[in-house]
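A.B. asks: Please work out how this folds:
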Amino acid sequence: MVEPLKTQIKMQNKIPKRGLSLTLILVFLLSGCVNNSSVEKYPFNFSGPTMGTSFSIKASQLPEGVKVYRLEKLINRRLTEINQRMSTYIPDSELSLINNSKSTGSQFISPELFKLISTAQEISVLTGGAYDITVGPLVNLWGFGPDKIQNQVPTDEAIQQALANAGYDKLKLTTRLLTLSKTQSGVYIDLSSLAKGFAVDEVANLLDAQGLTNYMVEIGGELYLKGKNLQGKDWQIAVEKPNMETRELQRILPITDIAMATSGDYRNFFEQDGKYFSHTIDPRTGYPVKHKLASVTVLGDTTMKADAWATALLVLGEEEGYKIAEQQELAVLFIIKTDQGFEERATPLFSELTKVKQ
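C.D. replies: You can find the predicted model right below:
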């Protein structure tokens, strides 16, 4: 779907000068346009609800013979299929059936579900457990989960009980047979940190198969961009300044033929006894993170991995996260809270990929 990032760097001297497009994405706000009157100019402009959030898809050109209504039908069908596998809200989804099962034996799972869980496990190993798809019960315990319980600091005993049923090492995969087993019956899997990214990739693959070459796919703020916008220029994507009180732009990224995902902890939190508690829970401790990292933006070959890495690096923080990002040769922008405001720190690959060519 996209050239490897290192290959892109070698090819960037062939990319024309990048200018502002009519489309601007505010990464935590879902997609929107700088000029709303420009929306109708896109020959394909499709949006709607999915996966507990919304999607927005724009294409600058439609190949001859591709009908809008048929393309919309194909996209809706694919998103429905993915939701039926990955959702924790649909009682009879594949994931819900696994979560509700008390069995600790091997269960056959779909190739798609296997792909997501195995990817998550790889990142869990690389981050020493800072990324963990079994952290859901801890997130819910702190009042940030789907159960909508009141935000309050849980007792140490409650945290330890939740930790007892969490841990990526409590999931076992068998590649040859595509099976999954839980070493404890109470383990609960939540794929929300990479399922939206996977869905973006799948819609992009669908558009590729239909012959589209200039498009933007966005689901819940996670993106894949290909080709050019309406003005024939690379897509211009905005990263929001991680400010709790106002909505401002931090910077605009001139990018294309690439995936992008952002995670931040500055809007979802609660205060108790004069202390702020972030919704970003460290799976290794069971407590909210306390570092100064406000948001992480990751560029990558696939939105699924960018999505997962953005979550992982946000948990790790500005020091440990940057170190691992460099080790893994990731393209990452860290926005860090300081006494003077916000400070950016980008990995070399991120700086290279977002450099404006003269």
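
A.B. asks: for the protein, what spans make up the helices?
C.D. replies: For the chain, the helices defined by DSSP state H occupy 5-11, 68-86, 94-100, 111-126, 136-141, 156-164, 195-209, 303-327, 348-353.

A.B. asks: so how far does stretch 177-197 reach from one end to the other?
C.D. replies: Chord length of stretch 177-197, first to last residue, is 25 Å (CA to CA, to the nearest Å).

A.B. asks: again, but for stretch 165-182
C.D. replies: With CA to CA as the measure, stretch 165-182 spans 10 Å from end to end.

A.B. asks: Tell me the buried residues in that stretch?
C.D. replies: Of the residues in stretch 165-182, those buried by neighbour count under the rule 16 or more other CB atoms under 10 Å are N165, A166, G167, Y168, K170, L171, L178, L180, K182. For every residue, glycine as well, the C-beta is placed using N, CA and C.

A.B. asks: still on that earlier bit, K337 is nearest to which of the helices of the chain?
C.D. replies: Ranking these by proximity to K337 (CB to CB) places helix 303-327 first, at 9.2 Å.

A.B. asks: Quick one: list the elements packing against that closest one.
C.D. replies: Judged by 3 or more CB pairs under 8 Å, 6 or more residues apart in numbering; DSSP states H and E, helix 303-327 is in contact with helix 111-126, helix 195-209, strand 222-226, strand 258-264, strand 293-300, strand 331-338.

A.B. asks: could you redo those as JSON lines and give each row mean neighbour count, mean pLDDT and distance to K58?
C.D. replies: What follows is these, written out as JSON lines (neighbours: other CB atoms under 10 Å; pLDDT from 0 to 100; distance: least, CB to CB, whole Å):
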{"stretch": "helix 111-126", "mean neighbour count": "18", "mean pLDDT": "98", "distance to K58": "25"}
{"stretch": "helix 195-209", "mean neighbour count": "23", "mean pLDDT": "98", "distance to K58": "11"}
{"stretch": "strand 222-226", "mean neighbour count": "28", "mean pLDDT": "97", "distance to K58": "10"}
{"stretch": "strand 258-264", "mean neighbour count": "27", "mean pLDDT": "94", "distance to K58": "15"}
{"stretch": "strand 293-300", "mean neighbour count": "26", "mean pLDDT": "95", "distance to K58": "19"}
{"stretch": "strand 331-338", "mean neighbour count": "21", "mean pLDDT": "94", "distance to K58": "23"}
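
A.B. asks: Of all these, which one is nearest R78?
C.D. replies: helix 195-209 (5.7 Å).
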